[in-house]
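Asker: Generate a structure from the sequence data that follows.
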Amino acid sequence: MLPAWKLGTMNMDKRHRLVVGGPETPCEGRRTLVMELARPTGLQRIPLRGRTAYNVCFSWENDPHPNQVLASEPLGLLQRLPSELRMAILQYVDDPVDLFCFSTAHDLLLEVGYAVSQRRYLELRSQAENSWIGDRIVTFSDTNFTFEWLPPRLLSEGEIARIQALAFAPQHIVLDPPRYLGRTCREIIGGAKGFPSTNVAFRIRDRLMTARRNDGRRTPANGSARWTPADTSRMEELLAIDTDYEFTYKAVCPWAIFNLSKGEYVRAGDIVFPPAPGNERSTEYHDALAVNKYGIGIGEILMARILWGSQGSYSRSYVEGLAVWAGDRFEIAPMIVHRIPALDESIKGGKWEDVTRDTLKLARKLLPGVEEAHAFAGT
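Answerer: Purely as a prediction, here's the structure:
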């Protein structure tokens, strides 16, 4: 079974590190691991979430009563356009920060800008540069082995040279790989929706603070001479998307783990939620973040394949001939034609190979919850 101590999954390309386990729950960070490798399918409001107060705009208001919302100035000809056309116009605003600021100028712009901004959040999170999709990742289970035992081709020649320069005997590098690599990686907070560099609200607040320092006050786009409480109210409504909503990962079909390096995929949803007696599936079958009643989710299935210790790959140790996935590149996506990742023609001729059966053998040995789920289902 999976080791019961704290595990660390590392992104070797972005230099990120995610703690995915503890003494009691080896895969407590599995949701974040799945979120980093899957593209969200929607947004949902977080229930009972208190509204965060953003005070960055208050200094621009001249009104002595900042909570009083004033009526907006007329929009002119833009106000006569149907909301569908105003939404189409806002779609052409590429920078999400500009989108927020333009939407702040009027209540009618806020109405459509709010919807466009929600879509922009999804688009940003779905981009590979804002996620772990296509990056080299590995989960280390031990902390007391040398760099000679790392997965093949995990490090580049330049990375190996820098490490060797730190060792007294380069041919026997005694540095501890997980500890050394962990120090060079940025810690990821479990459950986070994005890093500050890709967080829309963070970027907007930073730009507003810069404008306040440089200009002393902000002249809004509504043509008036000053920033009003109405402007602040609309800006806070947009910024609250970051705290009032969370990404969802629900599709119309089950999710799979795609190994972009080897051209293999695993129908992870079928492993996590086998059909119960009567061929019935759980209602959470199509949710990438769901776990079964034994605490197993897609994150555990992936970790079983990328786990690496002092004796090498766990997968090869438990299932003979199973390909090593540690250090490979991945994407988690629903098994629907237009969402399946494109595979490079140089890998298996561009055709995906299903390795679910062998992965199920490994999961039943490493994850007791998988064995229990399939024993109950009779599979």
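Asker: Contacts only, for the spatially closest residue to Leu302 that is not a sequence neighbour.
Answerer: Residue nearest to Leu302 in three dimensions, not counting chain neighbours: Ile257, with 5.3 Å by Cβ to Cβ, 6 or more residues apart in numbering. Where C-beta positions appear, they are placed from N, C-alpha and C, glycine not excepted. The contact partners of Ile257, by Cβ atoms under 8 Å, 6 or more residues apart in numbering, come to 37, 265-266, 268, 298, 301-302, 305, 330, 332.
Asker: nearest to Arg186, of these?
Answerer: Comparing those against Arg186 with Cβ to Cβ places Leu37 closest, at 17.3 Å.
Asker: give me the number of residues near the closest one?
Answerer: Neighbours of Leu37 under the rule other Cβ atoms under 10 Å: 24.
Asker: so the nearest residue to it once chain neighbours are set aside bridges to which residues?
Answerer: Spatial nearest neighbour of Leu37, chain neighbours left out: Ile332 (4.5 Å); criterion: Cβ to Cβ, 6+ apart. Judged by DSSP bridges, the bridge partners of Ile332 are Ala38, Ile257.
Asker: residues touching Ile332, list them.
Answerer: Applying Cβ under 8 Å, 6+ apart to Ile332 gives the contacts 34, 37-38, 255-258, 268, 288, 298, 302.
Asker: where do the strands sit along the stretch 1-150 of the chain?
Answerer: 8-11, 16-19, 42-45, 137-140 (DSSP state E, counting those that start in this stretch).
Asker: Tell me which of those is the most buried.
Answerer: Across these, averaging neighbours per residue (mean count of other Cβ atoms under 10 Å) puts strand 137-140 on top, at a mean of 25.
Asker: Now secondary structure, pLDDT and distance to Thr356 too, for the contacts of Ile257, in a markdown table please.
Answerer: Below are the contacts of Ile257 laid out as a markdown table (DSSP: H, G, I helix; E, B strand; the rest coil; pLDDT from 0 to 100; distance: Cβ to Cβ, whole Å):
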| residue | secondary structure | pLDDT | distance to Thr356 |
| --- | --- | --- | --- |
| Leu37 | helix | 93 | 17 |
| Tyr265 | strand | 97 | 8 |
| Val266 | strand | 96 | 5 |
| Ala268 | helix | 91 | 8 |
| Ile298 | helix | 92 | 12 |
| Ile301 | helix | 91 | 10 |
| Leu302 | helix | 92 | 13 |
| Arg305 | helix | 91 | 11 |
| Phe330 | strand | 96 | 15 |
| Ile332 | strand | 96 | 14 |
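Asker: Filter those down to the buried ones and express that as a ChimeraX selection.
Answerer: The ChimeraX command for the buried members of those (criterion: 16 or more other Cβ atoms under 10 Å) is given here:
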select :37,265,266,268,298,301,302,305,330,332
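Asker: can you list the weak-confidence ranges in the stretch 1-150 of the chain?
Answerer: Residues of the stretch 1-150 of the chain meeting the criterion pLDDT under 70: 1-7, 20-29, 48-76, 142-144.
Asker: could you redo the last one with a cut-off of 90?
Answerer: For the stretch 1-150 of the chain, the stretches flagged by pLDDT under 90 are 1-33, 35-36, 42-131, 139-150.
Asker: all helices of it, in order?
Answerer: Using DSSP state H, counting those that start in this stretch, the helices of the stretch 1-150 of the chain run over residues 30-37, 77-80, 83-91, 96-103, 107-126.
Asker: Deepest in the core, which of those helices is it.
Answerer: The highest mean neighbour count among the helices of the stretch 1-150 of the chain, using mean count of other Cβ under 10 Å, belongs to helix 30-37: a mean of 24.
Asker: which strands and helices sit next to that helix?
Answerer: When contacts are defined as 3 or more Cβ pairs under 8 Å, 6 or more residues apart in numbering; DSSP states H and E, helix 30-37 packs onto strand 16-19, helix 298-306, strand 330-334.
Asker: from the contacts of Ile332, which is closest to Glu148?
Answerer: Distances from Glu148 to the contacts of Ile332, taken by Cβ to Cβ, are shortest for Leu302, at 25.6 Å.
Asker: And that closest one, how far from Val34?
Answerer: Separation of Leu302 from Val34 (Cβ to Cβ, to the nearest Å) stands at 8 Å.
Asker: got it, and Ala288?
Answerer: Using Cβ to Cβ, we find Ala288 at a distance of 5 Å from Val34.
Asker: which residues are common contacts for these two?
Answerer: Residues touching both Ala288 and Val34 by Cβ under 8 Å, 6+ apart: 249, 298, 332.
Asker: My guess is Val319 contacts Asp358. True?
Answerer: Yes. Counting by Cβ atoms under 8 Å, Val319 touches Asp358, with 5.9 Å between them.
Asker: got the buried residues for stretch 301-311?
Answerer: Neighbour counts over stretch 301-311 (16+ other Cβ under 10 Å) mark 301-309 as buried.
Asker: Make JSON lines from those and add distance to Ile46 to it.
Answerer: JSON lines is the format used below for these (distance: Cβ to Cβ, whole Å):
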{"residue": "Ile301", "distance to Ile46": "27"}
{"residue": "Leu302", "distance to Ile46": "26"}
{"residue": "Met303", "distance to Ile46": "27"}
{"residue": "Ala304", "distance to Ile46": "31"}
{"residue": "Arg305", "distance to Ile46": "32"}
{"residue": "Ile306", "distance to Ile46": "30"}
{"residue": "Leu307", "distance to Ile46": "32"}
{"residue": "Trp308", "distance to Ile46": "36"}
{"residue": "Gly309", "distance to Ile46": "38"}
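Asker: circling back: closest to Asp13 among the contacts of Ile332?
Answerer: Looking across those and measuring by Cβ to Cβ, the closest to Asp13 is Leu37, at 12.9 Å.
Asker: Cool, thanks, talk later.
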